[in-house]
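Engineer: got a sequence here, can you model it:
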Amino acid sequence: MPTQRKKFSRVLLKLSGEAFSGEGGFGVDSDELRLIAREIVEAHRAGAQMAVVVGGGNIIRGAQLARDGLVHRSTADYMGMLGTVINGLALREAITELGQAARCMTAIDIPAVAEPFIRLRAIRHMERGEIVVLAGGIGNPFFTTDTTAALRATELECDAILKATKVDGVYTADPKKHPDATRFDTLTIREALDQKLGVMDMTALTMCSEQGLPIVVFDFHRPGNIARAVAGQPVGTIVSP
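Structural biologist: Next up, the predicted model:
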């Protein structure tokens, strides 16, 4: 029987860097940026306080440089963090252009560019009706933006993590490679770990399990899906703790 979903009052949206570039692209695509900003603002105006963690894979793939032996893994991860700052600034500006107040906060100290992440300050911004864009990961190497999302959602006392993807939920296998793959409506974190379904990395999933944080995985390209997820409507897959 499907898990009863509920409306969320404060959420953390996790966006990959690839969401900013479009299919197979690189950098920040204006149309994709406009789409993302519009969907976030729509969800916020429906009544949810929102924080957004952004990735940086559209700017640079530091992990690949490290695997190729060109740079140390720590340096590669810091390069990736700087990529997330580029996306964070772009998203803040796009949201502001739509008439919605927004802040960009970073885990890396770059005072000329964005505010430092301070938990209580971020909460205060959200309580005042501002959207908080979080960049720079957690400020340390060897942690993914999935883990950043789990950590920040816990710190900011969010009701759920919304993981925006290019598919409409979690499948038994990659639906692009396996047409017979089936989509889960609901799933537990333990099942996601045991079946290695790639919802989030192990550190992030473990933290969500310990903190009782549900994860909603959905297709952000479908107009209105972020607002639907916030409202508790049955979109995508809900991964429950």
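
Engineer: what sits against G236?
Structural biologist: Going by C-beta atoms under 8 Å, 6 or more residues apart in numbering, G236 touches 168-170, 216-219, 225, 229. The way it works is simple: take the backbone N, C-alpha and C, and place the C-beta from them, glycine included.

Engineer: V71 too?
Structural biologist: Contacts of V71 by C-beta under 8 Å, 6+ apart are 62, 65, 79.

Engineer: go on, H178?
Structural biologist: 171-172.

Engineer: can you tell me the helix or strand for it?
Structural biologist: Following DSSP states H and E, one finds H178 outside all helices and strands.

Engineer: got it, and V11?
Structural biologist: Using DSSP H and E, the element containing V11 is strand 10-15.

Engineer: packing partners of that strand?
Structural biologist: helix 30-45, strand 49-54, helix 145-155, strand 160-165, helix 225-230 (3 or more C-beta pairs under 8 Å, 6 or more residues apart in numbering; DSSP states H and E).

Engineer: what mean pLDDT does that strand get?
Structural biologist: Per-residue pLDDT over strand 10-15 has a mean of 97.

Engineer: and what of stretch 22-38?
Structural biologist: Mean predicted confidence for stretch 22-38 is 90.

Engineer: just the CA atoms of it, as CSV, please.
Structural biologist: The C-alpha trace of stretch 22-38 is given here as CSV (Å, rounded to 0.1, in the frame of the first residue of the first chain):
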residue,chain,number,x,y,z
GLY,A,22,21.0,20.9,-20.3
GLU,A,23,21.3,17.5,-21.9
GLY,A,24,25.0,16.7,-22.6
GLY,A,25,25.9,20.4,-22.2
PHE,A,26,28.5,22.3,-20.3
GLY,A,27,28.4,25.5,-18.3
VAL,A,28,25.2,27.4,-17.4
ASP,A,29,22.4,27.3,-20.1
SER,A,30,20.1,30.4,-19.9
ASP,A,31,17.0,28.4,-20.7
GLU,A,32,17.7,25.7,-18.1
LEU,A,33,18.6,28.3,-15.5
ARG,A,34,15.3,30.2,-16.1
LEU,A,35,13.3,26.9,-15.9
ILE,A,36,14.9,25.9,-12.6
ALA,A,37,14.5,29.4,-11.0
ARG,A,38,10.8,29.6,-12.1
